[in-house]
Structure formats: structure tokens, C-alpha cells
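Student: everything below, folded, please.
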Amino acid sequence: MNKQVLLTGDRPTGQLHLGHYVGSLLNRVAMQNSGDYDSFIMIADQQALTDNAKNPKKIQDSVYEVMLDYLSVGIDPTQSTIFIQSQIPALPELMLYYLNLVTVSRMERNPTVKSEIKQKDFGRSVPGGFFVYPISQAADITAFKANVVPVGDDQLPMIEQTREIVHSFNQTYNKEVLVTPEAILPKKGLGRIPGIDGNAKMSKSLGNAIYLADSKDIVQKKVMSMYTDPNHIRVEDPGQIEGNMVFAYLDIFAPNNPVVADMKEHYQRGGLGDVKVKRFLMEVLEETLAPIRERRAVFASDPAQIYRMLEEGSEKARLVAQNTLDEVRDAMGLNYFG
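Tutor: Numbering: from 1, shown residues only. Next up, the predicted model:
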């Protein structure tokens, strides 16, 4: 049976955090190791530049950091093709062709783009590259003929727009060149991990993230500052589990643990302090983060090796994407000279 083609990736705007780990990285490693997928993992530096064009050094540095995070969690460049978006010349050319198949009004209706424009407070000064990045994503997906794309539910409009482009292209040029992708959503409860401050989303911009590369001391400080129950002032006071980030994290990183069940019952009736629960969470998180941190340090000791891996993966991806571009040009009648 032929392997399914899997495309995933991240925007390199800093190190990856526990939200990335739970929401996507664990799933990528499992799918890679299953042997059922031909996996392409993209570091989307061009997409990151759409709102960081005046700070390219940030993106350059982040490419290296993201690659270290990938390797440290178990993504294997001998099993997955890890590549840098800007090193694949076929991608922007494919985007140019697809832009002719999408109206401005359709792009303006994309709910994810509308939400992000509002979040970043662009107003009418939204960069053109940011506005059209869903079409860039369509080029990324179709260049590798990916039929499986793991995404969060906030990215479903991007997959839908890609599907529309695939249908429009194949119908317009009367040739089945592009492959229609299917979205795979995270398991229930793992799509988005909340921030340590109680915000619904963990992110660098909000300053509420625990990073995979954080030292044990830094993780401890962050855990000790986590949002709990503001009304749980004294140890003997009954406490609330709902909205308490310490228990939210324990549910994610220590599911079905009887110790956690006992702690919840004890906390709710009173007599259990926040510090004791936080110390237990720290032990739980260290079981996950310590081996990741150790592997990261090993890979970080040889930066040249990191860039060799990226160069080799990018060359492999370049050839695959170029082959798709050649087929697209053929379908459009643009290969004038053979």
C-alpha cells in the first residue's frame, strides 16, 4: 500500500513550547514512527517574515532553534524530510499561479486571516504577504501532493481554501495534477494548551509559555507562578479545580494518575495548598522535559550538523516541489521549450 503524504510545519519566531509539543509534535513523531506516512516538515520562514520583515535576524536564529526542538522531541531527519520554506523556489511560483484562481473577496472572507489581522492590530496596513499567506500555504501543501495535513481547528479555513484551489486548478486545466488534502485534527483536549496565566492560548507574545528548552530552574519559577484559584487563600479553604492551570496541566501530562485524582478531591474539600500541588506538577513536567533538554544539548553541541541536516532535507524537498511545478506548468501550457 502506498504511503500517505504528510505535511506539517511551524513558523520560526522563537523556540517551541509545551503547546506545540502537545498540540502537534507528539503527533508528528507518532505518525513518523508508524511507517505509514511520507512525512515532510517545513520550517516556514517566509511565512514568518510576513509580519517580521523588518527583523529577519529573529527568523534566521529561530530556524536553528526550531530545528533543535524538532530533533530533541524525536523527529528524525532520516525518516522525515525537514526543510526550510525559503529554500524551495517552486513554492512562490506556485503561489503566483494560484493567486489568479482566488478573488480578493474570497481572501477577505477567510476567518483565520480576519482574526489574525485583528489580533495583530494591522487595520488597513496589513502587509500584502500576510494577507495572501493562505495561498502560500496552499502552495506548500500541493507542492508535495500532501493528502494529510494535521492542523488545529483554527486552521481549517486554510485547508478549505487549499481544497478550493485544487478543485479550481484541476477543473480549469482539465487535468488531475493537484491532490486534495484532508485535515487531521488533534485528539480532544490536546488541540490547545492554556497559558500558565490562565489565558486560553499559550504563546510567546503573551509571555505565558513554558519552552522545551527552558532549564529546570526556569520551569520551576513558571510553575510556581501559575494561575490557580484566586479564592483559595488559606490551605484549609476549599479550592476550585475548574480554571485552575495546575490541575489543567496535570490532566494533560499525568492523565488517569490516581495521585492527581486524590489531589483533586483533597483540594476541593480543603486542606491542600497550591505549593504542594505545584511541586507535584513540577515533578511530572520534568519527566517529560528532562530527556528533551538532554537531547537538545547533544545536538546543540554541533551546529554545523544541524545546518547539514537542513540543507539535505531542503534539497530533497526542492526536487519534489520542482517536479510538481513542472506538472503545473505543463497543465497550464507554460513549458514552452520542452
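Student: got the contact list for the helix-or-strand element of the chain with minimal mean pLDDT?
Tutor: Least confident helix or strand of the chain, by mean pLDDT, DSSP states H and E, is helix 111-119 with a mean of 82. Residues from elsewhere that reach helix 111-119 (Cβ atoms under 8 Å, 6 or more residues apart in numbering): 107, 108, 126, 130, 131, 133, 134, 154, 155, 157, 158. C-beta here means a position set from N, CA and C on the backbone, and glycine is covered the same way.
Student: so the fourth one sits against residue 51, correct?
Tutor: Yes. Here residue 130 lies in contact with residue 51, judged by Cβ atoms under 8 Å, at a distance of 5.5 Å.
Student: residue contacts, residue 247?
Tutor: Residue 247 sits next to 241, 260, 263, 264, 267, 277 when contact means Cβ under 8 Å, 6+ apart.
Student: most neighbours of all the residues you listed, which one?
Tutor: residue 267 (26 neighbours; other Cβ atoms under 10 Å).
Student: tell me what the host helix or strand of that one is packed against?
Tutor: Residue 267 is part of helix 258-269, with elements assigned from DSSP states H and E. If you count contacts as 3 or more Cβ pairs under 8 Å, 6 or more residues apart in numbering; DSSP states H and E, helix 258-269 packs onto helix 245-253, helix 274-300.
Student: how far off centre is the first one?
Tutor: Here helix 245-253 shows a centroid-to-chain-centroid distance of 21 Å under the convention Cα atoms, centre = their mean, to the nearest Å.
Student: by how many degrees do it and helix 258-269 diverge?
Tutor: Relative orientation of helix 245-253 versus helix 258-269 (axes from the mean of the first three to the mean of the last three Cα atoms, to 10 degrees): 160 degrees.
Student: buried set for helix 245-253?
Tutor: Neighbour-count burial for helix 245-253 flags 245, 246, 247, 248, 249, 250, 253 (criterion: 16 or more other Cβ atoms under 10 Å).
Student: any idea how far residue 255 is from the fourth one?
Tutor: So the one you mean is residue 248. With distances taken as Cβ to Cβ, to the nearest Å, residue 248 is found 12 Å from residue 255.
Student: same check on the fifth one?
Tutor: Between residue 249 and residue 255 the computed distance is 11 Å (Cβ to Cβ).
Student: next: the third one.
Tutor: Between residue 247 and residue 255 the distance, using Cβ to Cβ, works out to 12 Å.
Student: ok, now the second one?
Tutor: The spacing between residue 246 and residue 255, counted by Cβ to Cβ, is 15 Å.
Student: near residue 121, how many other residues are there?
Tutor: Neighbours of residue 121 (other Cβ under 10 Å): 7.
Student: helix, strand, or coil at it?
Tutor: Applying DSSP: H, G, I helix; E, B strand; the rest coil to residue 121 yields a three-state assignment of coil.
Student: residues contacting the nearest residue to residue 192 once chain neighbours are set aside?
Tutor: Using Cβ to Cβ, 6 or more residues apart in numbering and skipping residues adjacent in sequence, the residue nearest residue 192 is residue 201, 5.9 Å away. Residues counted as contacts of residue 201 (Cβ under 8 Å, 6+ apart) are 19, 192, 194, 195.
Student: so which of these wins on neighbours?
Tutor: residue 19 (24 neighbours).
Student: residue contacts, the closest residue to that residue other than its chain neighbours?
Tutor: Spatial nearest neighbour of residue 19, excluding adjacent residues (Cβ to Cβ, 6+ apart): residue 202 at 3.9 Å. The contact partners of residue 202, by Cβ under 8 Å, 6+ apart, come to 17, 18, 19, 192, 193, 194, 195, 196, 208, 209, 210.
Student: quick check: closest non-adjacent residue to the residue sitting furthest away from the middle of the chain.
Tutor: Centroid-distance maximum for the chain: residue 236 at 41.3 Å, with Cα atoms, centre = their mean. Among residues not flanking residue 236 along the chain, residue 270 sits closest, at 5.0 Å (Cβ to Cβ, 6+ apart).
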